[in-house]
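S.K.: Sharing a model prediction with you, sequence too.
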Amino acid sequence: MFESILIACALLIFFIVARKSREHALAIIIFALPLYLVRFSVGPFPSTLLEGMILTLFAVWVADKKGVVGAWRCISEKFRQTSRTEKALHLFLFLFVLSASISAALSPEPRAALGVWRAYAIEPALFFIVFLDTVKSPEQVRRMISASIVSGVTIALVAVYQKFTGWNIPEPWLSERRVTGAYPYPNAVGLYLAPIVWLALGRVQELFAEKKTKPSLGVIGASIVCILAIYFSKTEAALVALTTTAFGVGLLWSRRSCIATLVMSSVIIAGIVVTPSVSSTLSEKLLLRDWSGQTRLATWQETWKMLGEHPVTGAGLAGYQSVLAPYHTHDYLEIFLYPHNLILNFWSETGLYGLVSVIGVCVLLGILMTMTIRRRRGDTFVRVTTAALAAALVTILIHGLVDVPYFKNDLSVFFWFLAGSVVVLHRLSREVPRA
């Protein structure tokens, strides 16, 4: 009862903030993404504090637009004013929501599918709509990114504290001090923090360009704390994703960074080659020869067989475990919630059309970012921030080769926060620079 009162008070306060400033409400949501862990029920329907905040903000936005008709008119007008590439992005988002809706209707687990449909398709889309109508200036984008960085540092500080004290680490990971932060399992730390590292590094680059040394040192500290938390969580896929993305950024950022990256990579590779223990460990993990890798290979084989017989519809939202059961031949393994591969995750959950829509969204985001950087090479904020967003998205994609970087309440909204920031910067790049 007391918890229900606290949640109701929190949502009431958030409603008041949203009425006064949608921008502040958006920043609060971005900062508070991990609050999906605060769960409650409205009658028979389970929900989370994060969901309540997103729905409250969307309701306030609809009210500000004079109701549903006004909100639809606003969306239609904005759609007509956008570039062709952005129009295509919105259409792929609509296709994703439609595919998720059909998958929810066809799911063998309709009750669970309804919750997944709300959390991973509908609410992120509502957040995206409000974000694009609210965030319109470089300063606003900067504030949203800052909210994300502060959120990441908060989680990272909890994780680092856990490492040295053992406080609140769940029993399965306590003996090896594998930190979990505010989450129930370690991999969630890497999934959340890895892309935020790039947002922080982008902010560092921007501050250096503006010759603001003291603030840049603070953000550098934030980046280090986030990387430490990922390392202490032993989320190896996140570390590989960060390293691989860093190599790509180094090659592409400038001629000097390209040379430095190649030299540093050569030294590191030489060190690995002459250290047999390190090289054998790395090859074992990168080639998926360890237990974790073999588990994923077995899961992918079973998932592929299942999709071979359900190529269009997949398993349906929240239906993976039950639909995969007849194909599960590796009895020593449990059936996971998802296949732990970005393509198989979306294909299984949202069907072939859902997978196509996600691929379309990623391709179009890449095109938008490329166009933005080309148009505003001389604008430090737009160029650096777009590059940071690109690195964050690439890190998510690489991590997604062996994990689930979207089907989590905070991660799904976070993805569309990154996508919204890309769109806003693209819109700014189309404006005529002021003299």
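M.R.: Arrived safely.
S.K.: Now do the same contact list for Ser233.
M.R.: Ala159, Arg178, Val179, Thr180, Gly181, Pro186, Asn187, Val189, Gly190 (CB atoms under 8 Å, 6 or more residues apart in numbering). The C-beta positions use only the backbone N, C-alpha and C, and glycine is treated the same way.
S.K.: Measure how buried the second one is and give me the count.
M.R.: The burial count assigned to Arg178 is 21, neighbours taken as other CB atoms under 10 Å.
S.K.: three-state assignment of it?
M.R.: coil (DSSP: H, G, I helix; E, B strand; the rest coil).
S.K.: quick one: contacts for it?
M.R.: Arg178 neighbours (CB under 8 Å, 6+ apart): Ile169, Pro186, Phe232, Ser233, Lys234.
S.K.: Could you look up the SS state of the residue nearest to Val404 when sequence neighbours are not counted?
M.R.: Once flanking residues are discounted, Val404 sits nearest to Tyr338: 4.7 Å by CB to CB, 6 or more residues apart in numbering. Of the three states, Tyr338 takes coil under three-state DSSP.
S.K.: buried sites along the strand or helix carrying Trp173?
M.R.: Using DSSP states H and E, Trp173 sits in helix 171-174. Residues of helix 171-174 classed as buried: Trp173 (neighbour count, 16 or more other CB atoms under 10 Å).
S.K.: Centre of the chain to the longest helix belonging to the chain, how far?
M.R.: Longest helix in the chain, counting residues (DSSP state H): helix 342-375. Relative to its parent chain, helix 342-375 has a centroid offset of 13 Å by CA atoms, centre = their mean, to the nearest Å.
S.K.: which helices and strands sit right next to it?
M.R.: Secondary structure elements in contact with helix 342-375, counted by 3 or more CB pairs under 8 Å, 6 or more residues apart in numbering; DSSP states H and E, are helix 84-106, helix 291-309, helix 380-399, helix 409-430.
S.K.: can you list those in JSON lines and add mean pLDDT?
M.R.: Shown next, in JSON lines, are these (pLDDT from 0 to 100):
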{"stretch": "helix 84-106", "mean pLDDT": "97"}
{"stretch": "helix 291-309", "mean pLDDT": "95"}
{"stretch": "helix 380-399", "mean pLDDT": "96"}
{"stretch": "helix 409-430", "mean pLDDT": "96"}
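S.K.: Tell me which of the ones you listed lies nearest to Ala260.
M.R.: Ranking the helices and strands packed on helix 342-375 by proximity to Ala260 (CB to CB) places helix 380-399 first, at 16.5 Å.
S.K.: May I see the buried residues of that closest one?
M.R.: Buried positions in helix 380-399, judged by neighbour count with 16+ other CB under 10 Å: 381-396, 398-399.
S.K.: And for stretch 30-39?
M.R.: So, applying 16+ other CB under 10 Å, buried residues of stretch 30-39: Ile30, Phe31, Ala32, Leu33, Pro34, Leu35, Tyr36, Val38.
S.K.: Likewise for stretch 283-303?
M.R.: Under the neighbour-count criterion of 16+ other CB under 10 Å, stretch 283-303 has Gly293, Thr295, Arg296, Thr299, Trp300, Glu302, Thr303 buried.
S.K.: Tell me the one of these nearest Asp133?
M.R.: Closest to Asp133 out of the buried residues of stretch 283-303 is Thr303 (38.3 Å), distances taken as CB to CB.
S.K.: Roughly how far does that closest one sit from Phe415?
M.R.: Distance, Thr303 to Phe415, by CB to CB, to the nearest Å: 22 Å.
S.K.: rewinding a little: and the contacts of Ser233, which two are the farthest apart?
M.R.: Ala159 and Asn187, at 12.2 Å, using CB to CB across the contacts of Ser233.
S.K.: chain center to stretch 193-204, what's the gap?
M.R.: Using CA atoms, centre = their mean, the offset of stretch 193-204 from its chain centre is 13 Å.
S.K.: Report the spatially closest residue to Gly202, excluding sequence-adjacent ones.
M.R.: Sequence neighbours aside, Ala388 is the residue nearest to Gly202 in space, at 2.5 Å (criterion: CB to CB, 6+ apart).
S.K.: Do I have it right that the one you found meets Ile196?
M.R.: No. Counting by CB atoms under 8 Å, Ala388 stays clear of Ile196, with 10.1 Å between them.
S.K.: Which one of the contacts of Arg178 sits in the busiest neighbourhood?
M.R.: Counting neighbours by other CB under 10 Å, Ser233 leads the contacts of Arg178 with 29 neighbours.
S.K.: Closest one of the contacts of Ser233 to Leu26?
M.R.: Taking the contacts of Ser233 together and measuring to Leu26 by CB to CB, the closest member is Gly181, at 23.1 Å.
S.K.: doesn't Tyr320 make contact with the residue nearest to Val404?
M.R.: Yes. Contact status for Tyr338 versus Tyr320: in contact at 6.1 Å, counting by CB under 8 Å.
S.K.: Which neighbours do these two have in common?
M.R.: Ser348, Glu349.
S.K.: Which one's more surrounded, those two?
M.R.: Tyr320 (26 against 21).
S.K.: residues near Gln81, how many?
M.R.: Counted with other CB under 10 Å, Gln81 comes out at 10.
S.K.: quick revisit: give me the contact list for the helix holding Trp173.
M.R.: Gly166, Val179, Thr180, Tyr185, Pro186.
S.K.: Contact partners for the second one?
M.R.: This points to Val179. For Val179, the contact set (CB under 8 Å, 6+ apart) comprises Ala159, Val160, Gln162, Lys163, Ile169, Trp173, Pro186, Val189, Ala229, Phe232, Ser233.
S.K.: try the third one
M.R.: For Thr180, the residues meeting the contact criterion (CB under 8 Å, 6+ apart) are Ala159, Gln162, Asn168, Ile169, Pro170, Trp173, Pro186, Ala188, Val189, Ser233.
S.K.: mind putting those in TSV, pLDDT and distance to Pro276 included?
M.R.: Output for the contacts of Thr180, formatted as TSV (pLDDT from 0 to 100; distance: CB to CB, whole Å):
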residue	pLDDT	distance to Pro276
Ala159	98	32
Gln162	97	33
Asn168	94	39
Ile169	96	33
Pro170	95	35
Trp173	94	29
Pro186	97	28
Ala188	97	34
Val189	98	31
Ser233	97	27
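S.K.: Can you tell me which of these is nearest Arg73?
M.R.: Looking across these and measuring by CB to CB, the closest to Arg73 is Ala188, at 39.8 Å.
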